[in-house]
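In: Any chance you can model this:
(2 chains)
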Amino acid sequence: MKTSTEKARETLRKELKSKPLESVIDGIIAEKLNLNTSVLEREKYFEIPDKMVMFYKYSYGEQSRFFSELMNHAKLQGSRCMKCGIVYFPPRSRCSECYGEIEWKEVSNEGTVLSSTTSWYATSEFFDSVPYAVGYVKPVDADTGMLQRIDLKGREIVEPGTRVIARFKERRKGVVSDFWYEIME
Amino acid sequence: MISYAQLKGEKKRVAVVGTGQTKFEARSPEKTYYELALEAALTAINDAGITSRDIDSVVYGIYNDLFERQIMPDTYVHDYLGMYGKSGIRVTTGGATGGYAFRAGYSEVASGLSDVTMVIGVEKAQDCYDWAQGKTTPEVIKSIAYSSDMTWEFPLGTSAASSYAILASAHMKKYGTTEEQAALVSVKNHGNAISNPFAQSPMKITVDDVMQSRMISYPFKMLDCSLYTEGAYALILMSEEKTMRMGIKDPVWVMGIGSSNDKSFTGSRTVKDRMGKYGDIADLRNHYESAVQAYNMAGIQDPEKVIDVAELHDAFSFTEIQAYEAMGFCGRGKGGKFIEDGVPLMNGDLPVSPSGGLLGAGHAVGATGVMQIGEVVNQLRNRAGKRQVEIRSGIGLAHSIGGPGSSYCSVSVMGVD
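Out: Take a look at the predicted model:
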């Protein structure tokens, strides 16, 4: 007869559909970095190789509509407060100024740079793309601006007040980086 | 809000009676974050002339769980300090963590819930390590970049520097502030740090050194940016009644606290809203509002005349220029000229950041704002050693900011009788 401990282990093994993702990643890290898993020693104080990894199924909530219009139709959706008239970009599902109900509204691809910076140093994920500009762009028919990449086209900086137009990636995934802005000449 | 004058009349003020810190260093592999906190706490307790039993509650300023590699790090510090049985809470508001932790500590004592509260800021950032690059920085800035909105901003490649650089670019465009003016802040603060034995980056540098340092995020160069630091700073706060009972010799009173959070979606600081009177994306609107609140409580009309010393948050040199204006030290758009004229230098009329600020002393995020308040306390009680400034009216100010687009700001005005 199985003990209750054995039964519990058996149940858990059944629930485990595949090798845990984290141990897959551990394998890749060890292979890529040729990490010595033994404890490193700096003088007499220990520093050990370590990591924190989390996986998500990240939900966009009511903002999903922006991403579906972006992904499927290459269109930019803002939202307009039906009470005070503010046009939000990025859209909000409720007005933060007066709590009024909103209606979805397509905004222009053309906009103005409120302010920007050119990044020459970044996290490793973005090392390859430096220098790149990010800045707040306000579409001509919206009241607020959204952070976005602005193509430098050989320039070093993009001045506040510069007119820009949205361009869309051909293969879009429903993420904010599916589009960017280009300077209008 | 009850005015300082009324609190004074009713003997219900709150004092800082002790300070303690560790050395601010890039790396301290010989201490964990709770060991750092303990070292600062022991020094502060000793400085106040109390025992740990006198402490009723603790407020912890610890910014980033990913730095400490620990969710709820405060609970382990609490245990390590032997504070079991007492209330302990944590505050985390980005770079402004220290300033807001102080606000929470003040509230503990001012409300009467505690007679003595310890406020400890601690951070240990550089356990973050990018094994592929063999470097610390990319991983540290990644853990901070996770403070950008994860839906709308993080995927674009944001950093703390880019967030504040956008504000600086707007200020340059609107008011004509220059990179050379910002460089003067870096020269001043790295220089001030030379007289601070606890500072991480004491350096004698020139404007050219700053201008020629590596570009990070335009208009910020390497020497416009503070460095990540490991360290802790502790303050002991006490009710006026208890200071009298204990015969505390030189209490430094909290005269005013003002705190304001602006919109974190920085691009929405364009609509005509409640804070529109302070300006737009070029102006740190919540810094203006925090100063107004703090001055109202303290009963201060002419800050540039009565403030003897200030510690302003210079995570980036430009931010200090923007803060001169928001704190009312000079007119709107005149921050660049303010430093050109030498007013905030050690020998100027209003010395700013004698500690060296974040650029010179280091940015141990949760500890930073606490350090700034501690520096003002020690200046006001004439215990700042080689970097002591002249105390005339006996009033000082500490400015603590953080968050995306500097959305957090807390200003503390301190004074001696």
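In: For B:Phe102, which residues are in contact?
Out: If a contact means Cβ atoms under 8 Å, 6 or more residues apart in numbering or on different chains, then B:Phe102 has B:59, B:61, B:119, B:235, B:257, B:369-370, B:373, B:400, B:410, B:412 as its contacts. Just so you know, the C-beta spots here come from the backbone N, C-alpha and C atoms, and that holds for glycine as well.
In: Most neighbours out of those residues, which is it?
Out: Neighbour tally across the contacts of B:Phe102 (other Cβ atoms under 10 Å in any protein chain shown): the maximum, 36 neighbours, falls on B:Gly369.
In: Tell me where the stretch 201-350 of chain B has helices.
Out: B:207-212, B:240-246, B:285-298, B:303-306, B:317-326, B:335-340 (DSSP state H, counting those that start in this stretch).
In: tell me the most buried of those helices?
Out: helix B:317-326 (a mean of 28; mean count of other Cβ atoms under 10 Å in any protein chain shown).
In: picking up where we left off before, closest to B:Tyr278 among the contacts of B:Phe102?
Out: Within those, the smallest distance to B:Tyr278 is 16.1 Å, found for B:Ser410 (Cβ to Cβ).
In: excluding its backbone neighbours, what's nearest that closest one?
Out: B:Gly99 (3.4 Å; Cβ to Cβ, 6 or more residues apart in numbering or on different chains).
In: So what's the residue count around the one you found?
Out: 31.
In: what's near enough to touch it?
Out: Counted by Cβ under 8 Å, 6+ apart, B:Gly99 has contacts B:93, B:259, B:369, B:372-373, B:398-401, B:408-412.
In: Take the residues you listed and keep only those in helices.
Out: Among these, DSSP state H puts B:369, B:372-373 in helices.
In: Save these as TSV, and put in pLDDT and distance to B:His287 too.
Out: Output for the ones in helices among the contacts of B:Gly99, formatted as TSV (pLDDT from 0 to 100; distance: Cβ to Cβ, whole Å):
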residue	pLDDT	distance to B:His287
B:Gly369	98	14
B:Gln372	98	14
B:Ile373	98	16
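In: With distance to chain A added, can I get the residues you listed in JSON lines?
Out: Shown next, in JSON lines, are the ones in helices among the contacts of B:Gly99 (distance: Cβ to the nearest Cβ, whole Å):
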{"residue": "B:Gly369", "distance to chain A": "25"}
{"residue": "B:Gln372", "distance to chain A": "26"}
{"residue": "B:Ile373", "distance to chain A": "30"}
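In: Now tell me what touches stretch A:175-183 from outside.
Out: Counting by Cβ under 8 Å, 6+ apart, A:67, A:70-71, A:74, A:76, A:111, A:113, A:137, A:148-151, A:153, A:155, A:158, A:162-169, A:172, B:151-153, B:155-156 sit against stretch A:175-183.
In: in the chain, which spans are strands?
Out: Picked chain A for this. Assigned strands in chain A, in chain order: A:40-42, A:45-47, A:77-81, A:87-88, A:102-106, A:110-119, A:132-139, A:146-151, A:163-168, A:179-183 (criterion: DSSP state E).
In: switch to chain B, that's the one I care about
Out: B:14-21, B:57-61, B:87-91, B:116-124, B:215-217, B:220-221, B:230-239, B:252-261, B:309-311, B:395-402, B:408-415.
In: list the helices and strands the third one packs on?
Out: I take that to be strand B:87-91. In terms of contacts (3 or more Cβ pairs under 8 Å, 6 or more residues apart in numbering or on different chains; DSSP states H and E), strand B:87-91 is packed against strand B:57-61, helix B:73-80, helix B:97-110.
In: please redo it, this time with the cut-off set to 10 Å
Out: strand B:57-61, helix B:73-80, helix B:97-110, strand B:116-124, helix B:365-380 (3 or more Cβ pairs under 10 Å, 6 or more residues apart in numbering or on different chains; DSSP states H and E).
In: can I get the contacts of B:Gly99 in CSV with distance to A:Ser23?
Out: Formatted as CSV, these follow (distance: Cβ to Cβ, whole Å):
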residue, distance to A:Ser23
B:Thr93, 36
B:Ser259, 45
B:Gly369, 40
B:Gln372, 45
B:Ile373, 46
B:Ala398, 48
B:His399, 47
B:Ser400, 42
B:Ile401, 42
B:Tyr408, 39
B:Cys409, 44
B:Ser410, 44
B:Val411, 49
B:Ser412, 48
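In: So, low pLDDT: which residues of the chain?
Out: By default, I'm working from chain A. Applying pLDDT under 70 to chain A flags residues A:34-43.
In: How is it divided into domains?
Out: Residue ranges for each domain of chain A read A:4-47, A:61-183, as given by automatic domain parsing.
In: any idea which of those domains is most buried?
Out: When those are compared using mean count of other Cβ under 10 Å, domain A:61-183 is most buried, at a mean of 18.
In: what's the pLDDT at the residue nearest to B:Ser410?
Out: As predicted, B:Gly99 sits at a pLDDT of 98.
In: now the helices: where do they sit in chain A?
Out: A:4-15, A:21-33, A:64-73.
In: who wins for proximity to B:Val77 among the helices of the stretch 201-350 of chain B?
Out: Closest among those, using Cβ to Cβ: helix B:240-246, at 23.9 Å.
In: how close does B:Ala291 get to B:Ile339?
Out: As judged by Cβ to Cβ, to the nearest Å, B:Ala291 and B:Ile339 stand 18 Å apart.
In: For A:Arg155, list the residues it contacts.
Out: Counting by Cβ atoms under 10 Å, 6 or more residues apart in numbering or on different chains, A:Arg155 makes contact with A:118, A:131, A:133, A:162, A:183.
In: Please identify which of those is nearest to B:Arg214.
Out: A:Pro131 (12.0 Å).
In: Is it correct that that closest one is in contact with A:Thr118?
Out: Yes. If you go by Cβ atoms under 10 Å, A:Pro131 and A:Thr118 touch, sitting 5.1 Å apart.
In: got the contact list for residue 137?
Out: Just so you know, I chose chain A. A:89, A:110-116, A:145-150, A:158, A:162-166, A:180-181, B:267.
In: Wait, chain B was what I had in mind.
Out: A:121, A:123-124, B:125-126, B:128-130, B:227-228.
In: Next: B:Ala40.
Out: B:19-22, B:81, B:118, B:120-122, B:231-235, B:367, B:370-371, B:374.
In: returning to what we had before: mean pLDDT added to the strands of chain B, as CSV?
Out: Shown next, in CSV, are the strands of chain B (pLDDT from 0 to 100):
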stretch, mean pLDDT
strand B:14-21, 98
strand B:57-61, 98
strand B:87-91, 98
strand B:116-124, 98
strand B:215-217, 97
strand B:220-221, 98
strand B:230-239, 98
strand B:252-261, 98
strand B:309-311, 98
strand B:395-402, 98
strand B:408-415, 98
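In: For my notes, please list these in JSON lines and give distance to A:Ser93 for each entry.
Out: JSON lines is the format used below for the strands of chain B (distance: least, Cβ to Cβ, whole Å):
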{"stretch": "strand B:14-21", "distance to A:Ser93": "42"}
{"stretch": "strand B:57-61", "distance to A:Ser93": "33"}
{"stretch": "strand B:87-91", "distance to A:Ser93": "29"}
{"stretch": "strand B:116-124", "distance to A:Ser93": "35"}
{"stretch": "strand B:215-217", "distance to A:Ser93": "32"}
{"stretch": "strand B:220-221", "distance to A:Ser93": "35"}
{"stretch": "strand B:230-239", "distance to A:Ser93": "41"}
{"stretch": "strand B:252-261", "distance to A:Ser93": "21"}
{"stretch": "strand B:309-311", "distance to A:Ser93": "41"}
{"stretch": "strand B:395-402", "distance to A:Ser93": "27"}
{"stretch": "strand B:408-415", "distance to A:Ser93": "25"}
